[in-house]
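K.L.:
Got a sequence here, can you model it:
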Amino acid sequence: MSKCKTQFIIPHRSYRRLRAAKIPLIIESVIYLFLSVAAVYVYLSYIFNTFSNYLHTSLAEANIPAGMQTVEIFGFGISLVDLPFMHTQPLSLFFILLGILILFYVLKKQSIIPYNIAMWLNFFILMFSVFILYFIFLGQYFPYDFVGYFELYHTAHIGLMLFSLMIMSLAFVLTPSSHIWNFTAFFGMLVYYFIYSLVRYAFTVLLLAKVSIVFAPIMFFTMYLDFIFFVSVYSYFLYKSAEKLRGEESEWKW
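P.N.:
Numbers count the residues shown, from 1 in each chain. Coordinates of the predicted model:
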């Protein structure tokens, strides 16, 4: 048996490592992390309160009398719209529960909607069913008023936002593309996410005040779908970066 010539063995690309200058990488990481913290600071100290005052004015113009309360979140005074919850009668909730369980069965048996999308919808239907059962039998024990609920909502939201932006900052830094392209993608993601989170806040206020308190827990848990948003943005960013680098020849350094 002949000897194996290890010098002719080419490692799989999953074992290859790109060499990057550490000092510029650290500096760029610090810059993006600073931008993430600064963005959340501006959101807490100015953007959210400005939007909340605008929402309060819009509700008044629509003949929806709403109060305003200030709560402290992470040391910042946050203005929150104050409205009463819309409570739904247990009998109405029972018929709603019956309807969505029928929808669950239809989605499971149908073949028009792709299977993975139908299963995601059924996941939310099951989660919504649990919340409906809670409000049918234990609705009087719901522990939050309107402002207390949104204080918890925004505390979780701000913490999740800061964590996600910091993780995304490191991901952008490690992506082999130009600094301008990285910054443009990061800034665009940041602006879109701020607009989306404000619109979701207004939508949640209207749902809980004008439709039903049953939406309180499910709208809280939809915040964690923001992870999907950030992963989707980064995946698209990687796709565009790969297209820009396509055709460029570069030598691997071991």
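
K.L.:
low-scoring stretches of the chain, by residue?
P.N.:
For the chain, the stretches with pLDDT under 70 are 1-21, 245-254.

K.L.:
What segments of it are helices?
P.N.:
Listed in chain order, the helices of the chain (DSSP state H) span residues 22-42, 48-61, 90-109, 115-137, 146-173, 179-210, 215-221, 226-245.

K.L.:
What residues of the longest one count as buried?
P.N.:
Neighbour-count burial for helix 179-210 flags 182, 185-186, 189-190, 193-194, 197-198, 200-202, 204-209 (criterion: 16 or more other C-beta atoms under 10 Å). Bear in mind the C-beta positions are built from the backbone N, C-alpha and C, glycine included.

K.L.:
Can you name every helix or strand that it contacts?
P.N.:
helix 22-42, helix 48-61, helix 146-173, helix 215-221, helix 226-245 (3 or more C-beta pairs under 8 Å, 6 or more residues apart in numbering; DSSP states H and E).

K.L.:
Show me the one of the ones you listed that comes nearest Gly99.
P.N.:
Gly99 lies closest, by C-beta to C-beta, to one member of those: helix 215-221, at 15.5 Å.

K.L.:
Pull the number of nearby residues for the residue lying closest to Ser177 once chain neighbours are set aside.
P.N.:
Distance criterion C-beta to C-beta, 6 or more residues apart in numbering; nearest residue to Ser177, sequence neighbours excluded, is Ser241 at 4.2 Å. Neighbours of Ser241 under the rule other C-beta atoms under 10 Å: 18.

K.L.:
Hmm, Ser241 is touching Leu174, no?
P.N.:
No. Shown here, Ser241 and Leu174 do not form a contact pair, counting by C-beta atoms under 8 Å, at 11.2 Å.

K.L.:
tell me the contacts of Ile38?
P.N.:
Heads up, residue 38 is Ala, not Ile. Not one residue lies near Ala38 by C-beta atoms under 8 Å, 6 or more residues apart in numbering.

K.L.:
what's the distance between it and Leu162?
P.N.:
Distance, Ala38 to Leu162, using C-beta to C-beta, to the nearest Å: 11 Å.

K.L.:
same deal with Ser197?
P.N.:
Ser197 sits 12 Å away from Leu162, going by C-beta to C-beta.

K.L.:
can you check Glu151 too?
P.N.:
Taken as C-beta to C-beta, the span from Glu151 to Leu162 is 17 Å.

K.L.:
again, but for Ile27
P.N.:
For Ile27 relative to Leu162 (C-beta to C-beta), the value is 21 Å.

K.L.:
And these two? Which one has more around it.
P.N.:
Neighbours were counted for Ile27 and for Leu162 using other C-beta under 10 Å; Leu162 has more, 18 against 12.

K.L.:
Can you get me a residue count around the residue nearest to the more buried one when sequence neighbours are not counted?
P.N.:
If the residues on either side of it in the chain are set aside, Leu162 comes closest to Val40, at 4.9 Å by C-beta to C-beta, 6+ apart. Counted with other C-beta under 10 Å, the neighbours of Val40 add up to 21.

K.L.:
next one: Ala39
P.N.:
So Ala39, with other C-beta under 10 Å, has 20 neighbours.

K.L.:
ok, now Met168?
P.N.:
Met168: 22 surrounding residues under other C-beta under 10 Å.

K.L.:
That one against Ser232, yeah?
P.N.:
No. Contact between Met168 and Ser232 fails when scored by C-beta under 8 Å: they sit 11.5 Å apart.
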